[in-house]
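J.: Based on what follows, work out the 3D shape:
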Amino acid sequence: MDVNQRIACKAVIAKDGKVLVLREASTYEEGTNIGRYHCPGGRINPGEPFLDGLRREITEETGLSVEVGEPLYVGEWFPTIKGVPNQIVAIFFVCTPTSEEIRLSEEHDDYKWVDAADAKALDLMAPEDKVLEKYFAAQA
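T.: Model (predicted):
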C-alpha cells in the first residue's frame, strides 16, 4: 500500500513561561484529532522553504508573527487522511511571538497558553506531549 509522505514544521510558541496550543475543530476538513490540542504549524508545500512554510502555517492558524528559534524536536505520526495512509515527519521549532492578537482559522476552535502542569492535564496529540515535556524540562 502506498503511503503519502509529508514534511511538517510546528512551533512551540513560548511567552511568559507558557506555550500556545490549539484545539482541532470539527470544521477541519482533514481532521483526525478533533477536540485534541497541538502546537501551531503544519505541512510544507512541495518546493516551499520550510521556515517560510512554518511562518505561513503560524499566520494562517493563529494570526501571529513569530521569531523562529532553534529546532527542539523531530517527530513523526501516521494518520489516515480521507482514507489515505500518511507519514508526517515534523520538525518542532521554539518560537517567540512578535505580535499579540490571536485569530484562529476554521481549523481550530480554542487556544490556551499552558505551563508544564496545564500541558500534562490536556488531551495533547502525539508527539506534542513529548515535545512540550522536553521544552518545559529544559526551562526548569
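J.: so where do the helices sit in this structure?
T.: Assigned by DSSP state H, the chain shows helices spanning 50-62, 116-121, 128-139.
J.: Contacts only, for the most centrally placed residue in the chain.
T.: With distances taken as CA atoms, centre = their mean, Cys39 lies nearest the centre of the chain, 2.7 Å away. By CB atoms under 8 Å, 6 or more residues apart in numbering, Cys39 lies in contact with Lys10, Ala11, Val12, Ile13, Val19, Leu20, Val21, Leu22, Phe92, Glu128, Val131, Leu132. C-beta here means a position set from N, CA and C on the backbone, and glycine is covered the same way.
J.: Using PDB, write out every CA atom in the longest strand along the chain.
T.: Ranked by residue count and defined by DSSP state E, the top strand of the chain is strand 84-97. The C-alpha atoms that make up strand 84-97 are tabulated as PDB, following Å, rounded to 0.1, in the frame of the first residue of the first chain:
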ATOM      1  CA  VAL A  84      -5.100   7.600   2.500                       C
ATOM      2  CA  PRO A  85      -2.300   6.400   4.800                       C
ATOM      3  CA  ASN A  86       0.100   9.200   5.600                       C
ATOM      4  CA  GLN A  87       3.500   9.500   7.300                       C
ATOM      5  CA  ILE A  88       4.200  13.100   8.500                       C
ATOM      6  CA  VAL A  89       7.700  13.900   9.700                       C
ATOM      7  CA  ALA A  90       7.800  17.200  11.700                       C
ATOM      8  CA  ILE A  91      10.500  19.500  13.000                       C
ATOM      9  CA  PHE A  92       9.400  21.500  16.000                       C
ATOM     10  CA  PHE A  93      11.000  24.900  16.500                       C
ATOM     11  CA  VAL A  94      10.900  27.100  19.600                       C
ATOM     12  CA  CYS A  95       9.400  30.500  18.500                       C
ATOM     13  CA  THR A  96       8.800  33.800  20.200                       C
ATOM     14  CA  PRO A  97       5.700  35.800  19.200                       C
END
